[in-house]
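Peer 1: The sequence isn't on hand, but the structure is:
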């Protein structure tokens, strides 16, 4: 039996997909807003972190 058949038997399984999509979308929008509003000096400092010893 395929995995999708197990999911079809669970009542209300669609709410998990909608919830996970909502969380992902909210996080993506929040990070986009943060990236646009962030101070350029902070972004440059974060970019240099991997190069620091």
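Peer 2: Yep, that arrived. Since this is a predicted model, take the numbers as computed values, not measurements.

Peer 1: going forward, measure contacts and count neighbours with C-alpha atoms only.
Peer 2: Noted.

Peer 1: residue ranges with poor pLDDT in the protein?
Peer 2: Within the chain, the segments meeting pLDDT under 70 span 1, 4, 53.

Peer 1: at 50 instead, please
Peer 2: Of all residues in the chain, none has pLDDT under 50.

Peer 1: most residues in a single helix of it, which one?
Peer 2: helix 14-37 (DSSP state H).

Peer 1: now whichever helix or strand comes after that helix: how far from the chain's centre is it?
Peer 2: Once the chain leaves helix 14-37, the next helix or strand it forms, by DSSP states H and E, is helix 40-48. In terms of C-alpha atoms, centre = their mean, to the nearest Å, the centre of helix 40-48 is found 22 Å from the chain centre.

Peer 1: Over to stretch 42-52?
Peer 2: Worked out by C-alpha atoms, centre = their mean, stretch 42-52 lies 22 Å from the chain centre.
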